[in-house]
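Trainee: Structure here, sequence nowhere to be found:
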């Protein structure tokens, strides 16, 4: 029973793709596996919903969306570019199920607030993705093994980019893949922005397989260009939003403080977070990992909100009640002023280790989304009528303008209260000192500006 | 400082209304209060996202949406129907802030999976809404008191329908109020169905105040009719979906079983759900209540999934991993067969107390949404050109068709596995017995059908 | 070359269906035929754009939309319900091209402002449709004949409902066919109303062939119900809009007056409408007919706007410059007052033959859209799990409410100026007399109301 | 009665803005004037609907859309930036009616297929706009004069850019004005493309008046950037579409040929286009101009389709029946080959004067839309927090990439049939010669390529 078809196609209603179409028993079983269902409890955009309130969607709906786009590409390739003989560079439809499984499972190792969590606890969602797929203990693995004994390893190799067929790999991960196309459309839909919109139907129409992977027909160049511009704009305006980053700094603080208190042995028993202990101890199993989700973290934040340590309780409260750190951009010219500003923050009673931070959006672990990390194998190719390939940015001045350039900014984070005037005699000096460095929402050098 | 205006209007991006406009300091502070922020962690549609996967939105975004609609109505009334003298039946704009606060706070007492939770633990979200607003211990109350000492009580009285001005009350709760209009549009947007769509802009244009409350101009009759039909369809197709109800039966089972085990004193210490204990003990404070959210419940379900009690662990697993009970509709003619079916379920090894249920969708506590419970004060009035009022269903045959009629159905729930054939000699008889009652997806009487 | 496939599918961008997909040479050639291209110059909704200004779309885009829906149904039937043997009631895909041609050509005989034009000139768009398809003089016929000599007659028989396969006939014309589904969605899109929206994707999923034609699966009942309600609402609010009908009365007047003047031999040579003369003479060829379009009529209206006959010039001006007749609804109780009102209109200087009219929306030749004319063969059937059929209105109270009932209203049309007060001594009596019959936008009996 | 308000706001349903709100008697009367109603018969995008079939909207709906955007800007300025004293650089709301009239009337001088028509007949729609507004013979002028005697001249001066208040002028015409914003959104909606979509609501929120005109707040920079990119993409993909341009070449040919035949005195009486004669004679009145619309031109094309002159009849048929000329891009390297190609076209029997053309999209009179023609007064300014202005392209690399660069291409047009093989001995040489210059859809130099 390598690839049993469902007696009748099953559909899931979806606001982005209208319907998700499932025709294979393996896919349906994977969707219903505990490892996939867990993604229902992990938000796709982490803390972004504090700014874009509609962004409450999860990695589960995104994963089904990626599957659906991959399915449509496979169907299109099978209909229009079927391979006739080995090495003709066309689409071999026996790769279909493998491709769909990889599309569906590509994010299965993501955890609660992955990027921050990984940073504190040294976990790695890519490693865990591979483990969920290949470990004989998981339901996902058992389902995949029904296809063939080496099928789990094949699925993992697609996600790892090691699978030999570049068409399969690029459909799942490249500069213009099913993953990116779904999250841009889905994030745009849920945030209510329209920067992320582009013409998915047209892009799917102009994709075509070739020996080196996937290319695009010339009459689709503008649709691809529009997708790239949409992606750029979503990063600028949604993913790198300073207020979301101010909340990530808070989240980092909560987890770091809790871990330090635990390591110091000072955590009272009743505040001990049972499901997090294996991670505090740096000794966790896959099963431990699979019990974590966004709700588990916020449940312990409820505990910690009442904890006697003032830093832990304040930071937990900030996270639960949407009180992010404030930020200002800085440049190489003003970077030197930050230590003095942090000293004023410390003098105002805030431990700078938790209440100040420097955050470079291009340094954040969003780099899988970063258009600057393009490697030759994933550059976007437009296939000319004579069969030759032209790299996209050579054809599009819009794309050329943003190719190879780091975008984003670096910001200094601090408690918002530092910006307010203080009548209080005790605290006034620290606040006054901090505010000397500010003018018109910019960090300035008070010595230079004072002279003007 | 009774009603301080913000120096500049603040907006929140929203996918349904595009922007939520906030002009008052009190409103902004309420939005940022812990009691409101908590609604970010409570899904608007409870378990419905297991069927309509996009339905991942929360009571928070809905609450802001209700506020926004109420704000637009107030602005429209203030511009077009300003009261000139007492008792002229027009709009007194000094009611604006009160109305907006009531709109924003109308759901603030909702808890995690309210309807099921309340059923098991005897809580009442309406009582708690009043308490959050009027108790001097809450942030919400402190913010409202800044307006005036009796302002919290006034806000609560609007939500309770006791406030004397019927225009204010009906804007927040009536057969066509800001609450219903927002949830229909928002649920439709997120589920990806379009049954819930109606012409909000037009309805807002044709609403007008009169001495008895709010009426509609005759040229808006069709838009109101369309709204009623949309509401009917959303109930039929989304809110009463049998699969969602099958998951609510599971949820009821989890909470009931956990409470019984606790009461029996047999819960091991390490599985004790700290934040739920006050509710098990039926002795909880408002603060206890405010620490609950959807994530807290599912976190304890993770604990219970590993609990030695097979019923508790299985039901917790069913909830986390989307394995709802299956159901079939029954009628008065087939209701008598259910005990025999439940006996077969018991013989198959499932405790019928947790694994079978009868669920009448019109009996579910969704009845605040029920169009059949209309009372005279909330019936929808169309104001004729001569100033007389005509009740909507007298003008619209479509509305008349569904007025005063109970809609929904009654269903019998059981484990889906009962439908599958069994080769196993031991279990076969129980399964076979159960399946005798089924034909073509209907419950049938095997004696009658056997004779045919 | 009975059914040559295009080397590569060709698509046309469409705002309603996103893309129209063309795979057959015959279809592409038909689209590019002069007879089809002519539909680009004929508005789909005739005069409705004077009320819904966005309704500027033509019968051409609608025809392609009908084709596209039929194509999707055929593809669905071919994939899921392929006939295995004669008379198994499933879909025989050799009917595909015939179905698509009939879908594309079903409106090809429509002319400029058909309903009014036909009324005056005794033309019949259904007869002309058949003639365009079957006459050897047309390009359409030549293209169809390439398939087979009797193919044109077959296409015509599908449109005429005489083709033996009821699946083919019902796909093109029934209570829920590709025609109605496209025009509802397209008219809703262009008018900017959302009454006409329904879930096309879902309806297409639940359609299925059976021996008697096309039925719907039970889980699609609500989507079909929603479609019926949408259709009802579009009639009430868009198609029967009183202002559009007031413009149709003007159009009737223009054409009638011009014809009468022509017949009286009093039309000056320079105002003679060359392309209309064959119709004035009641002696026209198919070629004459195919030269008419909306622009031809309005061009002659420009001529007539300068014509010395005051009635013709005024009515032509009214049509070009959006000055429709005004209307009021009347009932059997007030119908008896209309002659007296028309006398007042005459006394005010307006010839009642052209400036007053009674118009029953349910009497208008929109009856192909009329849900009341359902015949058994087109009633909507829901196929139960046991294979039996249930007629829709037995399952849906909403549909039952509007089934078999004539909807619409009857209105009396007159010059709007009759409603304004007159200071002028000469005209005042006529206007005053007319206005005695009005109160609160209703026709009233002044004797009765005077007594009150 | 300088600015009478309507007793109650009147709305027009619109698919792009949902509703158009009219509050002023003057605006309502202008909308209903014959000069405005005439725009209902002139398509907004001329021949573009032959490619984007949904593009059937007219200059009328666009004009109302421009009015609506201007109205929203005025309301926003009046609420948030009201002038307190002369020369404070804020918004003087006594400019409102003037602004709205100019917005509504800015395109009133456009004629049928303006750009082509003007080229042949030496008319100028801007001159005619001014004349319609200022000539005492028009209804528009009479309505405007009711405001004040010099009001018509003021309205014309706004449209001419001579009005002293730059805020008023820039709202109507600048690089980001109500005109461009409406046509991008409306053309995108009707063509079904989403390149033209941008966040109108946000742009309106961040617009603000200053002494030099209109600037944008820094937090709106990305929305403005997105608008510029959308505009660029609409030009590339919709407005400059080669197939539309191929139809414009045909249209030019029809009008040129008809004019030449007329001037040669060889037009038969029965084919004389009465409404065009004043333009053939180069002696037309404003009234003559106002009788022209798209339908008038196509009506005469019907006449000419039967005219004995083979070129006129063929070109008229091509226009009516969508048979545009084909085109290929050329460069400076291949431009020298075009005369030889045209000679082959001539040898194949097509008069090159009518059947070949060179068309530079950046040379077309669409240059009012051309982003390259920015003058200092209309450059887009972002107002920094300290009040200083930064030009957009200094802040946005995306905008910088397309600033000051000519976009578009130059193409050579010819009959499509030249691309097909010919078996015919007589014509084969000419066709064969032509095809020597083509490879892979490019113009090539056969001598060079032959050597390869």
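Mentor: Sure thing, it's come through. Just so we're clear, the structure is a prediction, and the values are computed from it rather than from any experiment.

Trainee: contacts for the strand ranked longest in chain A?
Mentor: When secondary structure is assigned using DSSP state E, the longest strand within chain A turns out to be strand A:5-14. Surrounding strand A:5-14, the residues in contact under the criterion C-beta atoms under 8 Å, 6 or more residues apart in numbering or on different chains are A:19-25, A:28, A:61, A:64-65, A:68, B:51-54, B:191-193, C:80, C:205. The C-beta positions use only the backbone N, C-alpha and C, and glycine is treated the same way.

Trainee: From the chain's centroid, how far away is it?
Mentor: 28 Å (C-alpha atoms, centre = their mean, to the nearest Å).

Trainee: Now do the buried residues in it.
Mentor: Burial within strand A:5-14, assessed by neighbour count using 16 or more other C-beta atoms under 10 Å in any protein chain shown, is assigned to A:10, A:12-14.

Trainee: Okay, now the sheet partners of that strand, with direction.
Mentor: Strand pairing for strand A:5-14, determined by DSSP bridges: strand A:18-24 (antiparallel).

Trainee: follow-up on the earlier one: in ChimeraX, how would I select the buried members of the contacts of strand A:5-14?
Mentor: Buried subset of the contacts of strand A:5-14, written as a ChimeraX selection, criterion 16+ other C-beta under 10 Å:
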select /A:19,20,21,22,23,24,25,61,64,65,68 /B:51,52,53,54,191,192,193 /C:205
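
Trainee: what's the neighbour count on residue A:99?
Mentor: For residue A:99, the neighbour count with other C-beta atoms under 10 Å in any protein chain shown is 27.

Trainee: Not counting sequence-adjacent ones, nearest residue to it?
Mentor: Using C-beta to C-beta, 6 or more residues apart in numbering or on different chains and skipping the chain neighbours, the partner closest in space to residue A:99 is residue A:168 (5.1 Å).

Trainee: any idea how far chain D is from that neighbour?
Mentor: Residue A:168 sits 29 Å away from chain D, going by C-beta to the nearest C-beta, to the nearest Å.

Trainee: Next: residue A:426.
Mentor: Here the criterion is C-beta to the nearest C-beta. By it, residue A:426 lies 31 Å from chain D.

Trainee: next one: residue A:410
Mentor: Counting by C-beta to the nearest C-beta, the gap from residue A:410 to chain D is 17 Å.

Trainee: tell me the pLDDT at residue A:447?
Mentor: Note for residue A:447: predicted pLDDT of 82.

Trainee: give me the number of residues near it?
Mentor: Neighbour count of residue A:447, defined by other C-beta under 10 Å: 9.

Trainee: who touches residue A:91 in this structure?
Mentor: Counted by C-beta under 8 Å, 6+ apart, residue A:91 has contacts A:74, A:77-78, A:81-83, A:167, A:209.

Trainee: Would you reformat those residues as JSON lines and include distance to residue D:42 and neighbour count?
Mentor: Written out in JSON lines, the entries for those read as follows (distance: C-beta to C-beta, whole Å; neighbours: other C-beta atoms under 10 Å in any protein chain shown):
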{"residue": "A:74", "distance to residue D:42": "47", "neighbour count": "22"}
{"residue": "A:77", "distance to residue D:42": "45", "neighbour count": "24"}
{"residue": "A:78", "distance to residue D:42": "47", "neighbour count": "16"}
{"residue": "A:81", "distance to residue D:42": "45", "neighbour count": "18"}
{"residue": "A:82", "distance to residue D:42": "49", "neighbour count": "13"}
{"residue": "A:83", "distance to residue D:42": "52", "neighbour count": "18"}
{"residue": "A:167", "distance to residue D:42": "50", "neighbour count": "26"}
{"residue": "A:209", "distance to residue D:42": "47", "neighbour count": "26"}
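
Trainee: which among the residues you listed gets closest to residue A:42?
Mentor: residue A:74 (26.8 Å; C-beta to C-beta).

Trainee: how about the nearest residue to that closest one, chain neighbours excluded?
Mentor: Once its chain neighbours are removed from consideration, residue A:74 has its nearest residue in residue A:96; the separation is 4.8 Å (C-beta to C-beta, 6+ apart).

Trainee: Mind giving me the packing neighbours of the helix or strand that contains the one you found?
Mentor: With the criterion set as DSSP states H and E, the secondary-structure element containing residue A:96 is helix A:96-105. The contact analysis (3 or more C-beta pairs under 8 Å, 6 or more residues apart in numbering or on different chains; DSSP states H and E) places helix A:96-105 against helix A:25-31, helix A:59-80, helix A:125-134, helix A:151-159, helix A:166-172.

Trainee: Buried residues in the first one, which are they?
Mentor: Residues of helix A:25-31 classed as buried by neighbour count (16+ other C-beta under 10 Å): A:25-27, A:29-31.

Trainee: helices or strands up against it?
Mentor: Here helix A:25-31 touches strand A:5-14, helix A:96-105, helix A:139-145, going by 3+ C-beta pairs under 8 Å, 6+ apart.

Trainee: can you list those in JSON lines and add mean pLDDT?
Mentor: Formatted as JSON lines, the entries for those read as follows, by pLDDT from 0 to 100:
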{"stretch": "strand A:5-14", "mean pLDDT": "92"}
{"stretch": "helix A:96-105", "mean pLDDT": "98"}
{"stretch": "helix A:139-145", "mean pLDDT": "98"}
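
Trainee: got the contact list for the residue lying closest to residue A:84 once chain neighbours are set aside?
Mentor: Nearest residue to residue A:84, sequence neighbours excluded (C-beta to C-beta, 6+ apart): residue A:90, at 6.8 Å. Residues counted as contacts of residue A:90 (C-beta under 8 Å, 6+ apart) are A:77, A:81-84, A:209.
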